[in-house]
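In: Structure, please.
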Amino acid sequence: MQSSPLNVQRVIDDAPLSALQRKAVGAIMLVSLFDGFDALLMAITSPSIAREWGVSTASLTPAIVASLLGMIVGGVLLAPRADRYGRRPVLIGGVALFGAMTLCVVVAKNLEQMIALRFLAGIGLGAVLPNTYAYAAEFAPTRKRATFITIAGASSAGGGFLGGLLASAIIPNSGWRSVFVIGGLLPILLVPALLRWLPETAQFLTLSGQMDRARKMLREIDPRAVSSSDVQLIMLDDRQGRKPSVKRLFSRQLTPVTLLLGVVFFNAILLILFLMSWIPSVLTEAGLPEGRAVAASAVCNLGAMLGGIGIGMTADRSGNPRRLLSICFTIAAVATVVTALSISSTALLMGSVFVVGAFAIGTQMAVNSVVATIYPSWLRATAMGVLSGVGRVGSVIGPAIGGVLLAAHVPARTIFLLAVVPAIIASVALAAVGLFAAARRNPSSDGERPTPELSGAEGV
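Out: Next up is the predicted model:
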């Protein structure tokens, strides 16, 4: 009879990848794919909507900002609920919400209706994205955590890439509403499949006291590890009666790292959305054909998809992933400068926006693996949701700045050059995260129990 307690994460770490883990990752890739598609629908369709409604592209900024404000609300208020009620219900509910609200855009007759619907869709998107990262982190062995997380992020970028290609192919013949039909209907059709096949994570089941379900899941991952039906399961980062809350992110141990990561997320996502929300419009204003401008947005997402996975795999093998990711943000800044200088050359432009996607968006995906490592599993969705919400504040400011600059007829080259600033700030802040994390590896003298991650258990 098996009597020694089992560390849940150790079972996952020591086992080869199981069919259950592959199924879970496949499901979360689909969720992320549709999330990424929906998140960029306004950026993809703005030129066509503006032309049909007889308004300027800049006048559609409120609809883009409304979606991003909704993401802040979803990230801060709904995503943390996954630490209390489970990853699964929050993910499925978020998918249903953003799918339904996106489909309703088809009947929108004016900007006010568009703003309301995109805000509600944004709430669903904001609840989903942080939890795709938390979910992927918990099904991943530690040695592949960054890879799993960036696969989830790359799937989101893949949704943006496919959305850009789809839009350029069907808008000329079927109109911009056809893109919203696809972006809303597919997530709705995914919900029944998720209800049947999306499993809860073993970590949440253990922390919430659902031991029989947790043991059953771990037996699917490694039957040899769980040889007894009543074996005790433990988590090194057990909450010990503490409830997950935003306040926990600002404990004496976590405050400096939380604040610095907030700076990273704010500036990284400001950079990403500043570019992604306006690449088609900025390039169109610069004189490029609309199809080529939309293609540039798709190429940027392709770079994010491929670059994110590559950076994640490299981070898993790196002895100092934070330093690696800091350097990657610097490369993104250089690539942004090249983009500003290459607008007149299609080949150079496509190459530079590919690199921007790889090292701006791709690096931000990998930063989520740093978050997953620093915060304990019972606080992971809360941390990712709040940091995502902070980042979305940057995502509201980024497109708003872009809209103001477009309305003021600022040259496209200048708009891209301004994007260098947040890339550099993100690089510096991420480098500083390592200094504060290292300073907190030893237990503090104030009696507060350190998280295993900050005391060096997972090599932060």
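
In: Strands of this protein, residue ranges please.
Out: Using DSSP state E, the strands assigned to the chain run over residues 6-7, 233-234.

In: wait, what's in contact with the nearest residue to residue 198 once chain neighbours are set aside?
Out: In space, and not counting its chain neighbours, residue 198 is closest to residue 27: 4.9 Å by Cβ to Cβ, 6 or more residues apart in numbering. Yep, even glycine has a C-beta here, placed from its N, CA and C like the rest. By Cβ atoms under 8 Å, 6 or more residues apart in numbering, the contact set of residue 27 is 193, 194, 197, 198.

In: Phi first, then psi, for residue 318.
Out: The phi/psi pair for residue 318 (degrees, to the nearest 10) reads phi -80, psi 140.

In: For it, which residues are in contact?
Out: By Cβ under 8 Å, 6+ apart, the contact list for residue 318 reads residue 324.

In: Show the model's pLDDT score for it.
Out: On pLDDT, residue 318 comes in at 86.

In: Now do it against residue 355, distance only.
Out: 20 Å (Cβ to Cβ, to the nearest Å).

In: ditto for residue 409
Out: Note on residue 409: its distance to residue 355, by Cβ to Cβ, is 28 Å.

In: Between these two, which is the more surrounded one?
Out: Taking other Cβ atoms under 10 Å, residue 409 and residue 355 do not tie; residue 355 has more neighbours (20 against 8).

In: these two touch, right, residue 145 and residue 317?
Out: No - under the criterion of Cβ atoms under 8 Å, residue 145 makes no contact with residue 317, lying 12.0 Å away.

In: if we can go back for a sec, now for the contacts of residue 27, which pair is the farthest apart?
Out: 193 and 198 (7.9 Å; Cβ to Cβ).

In: which of the two has more neighbours?
Out: residue 198 (22 against 12).

In: Could you check how far that one is from residue 191?
Out: Distance of residue 198 to residue 191, given as Cβ to Cβ: 10 Å.

In: contacting residues for the closest residue to residue 358 other than its chain neighbours?
Out: Nearest residue to residue 358 in three dimensions, chain neighbours excluded: residue 307, at 2.4 Å (Cβ to Cβ, 6+ apart). Contacts for residue 307 (Cβ under 8 Å, 6+ apart) come out as 355, 357, 358, 359, 361, 362, 363.

In: then stretch 158-170 to CSV, C-alphas only?
Out: C-alpha atoms of stretch 158-170 as CSV (Å, rounded to 0.1, in the frame of the first residue of the first chain):
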residue,chain,number,x,y,z
GLY,A,158,-1.9,32.4,-34.7
GLY,A,159,-5.5,33.4,-34.4
GLY,A,160,-4.5,37.0,-35.3
PHE,A,161,-2.4,35.7,-38.2
LEU,A,162,-5.3,33.6,-39.6
GLY,A,163,-7.7,36.5,-39.0
GLY,A,164,-5.5,38.8,-41.0
LEU,A,165,-5.3,36.3,-43.9
LEU,A,166,-9.0,35.5,-43.7
ALA,A,167,-10.0,39.2,-43.7
SER,A,168,-7.8,40.1,-46.7
ALA,A,169,-9.4,37.2,-48.6
ILE,A,170,-13.1,37.6,-47.8
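
In: Buried residues of that stretch, list them for me.
Out: 158, 159, 160, 161, 162, 163, 164, 165, 166, 167, 168 (16 or more other Cβ atoms under 10 Å).

In: Now distance to residue 112 and pLDDT too, for the contacts of residue 27, in JSON lines please.
Out: Formatted as JSON lines, the contacts of residue 27 follow (distance: Cβ to Cβ, whole Å; pLDDT from 0 to 100):
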{"residue": "193", "distance to residue 112": "34", "pLDDT": "94"}
{"residue": "194", "distance to residue 112": "32", "pLDDT": "95"}
{"residue": "197", "distance to residue 112": "39", "pLDDT": "89"}
{"residue": "198", "distance to residue 112": "35", "pLDDT": "93"}
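
In: wait, residue 335 sits on residue 355?
Out: Yes - checked against Cβ under 8 Å, the pair residue 335 and residue 355 is within contact range at 4.0 Å.

In: residue ranges of the helices in the stretch 251-400 of the chain, please?
Out: With DSSP state H, counting those that start in this stretch as the criterion, the stretch 251-400 of the chain has helices at 255-276, 279-285, 290-317, 321-341, 346-356, 362-374, 380-407.

In: wait, which of these is closest to residue 48?
Out: Nearest to residue 48, of all the helices of the stretch 251-400 of the chain, is helix 290-317, at 8.0 Å by Cβ to Cβ.

In: And residue 255, how close does it get to residue 261?
Out: 11 Å.
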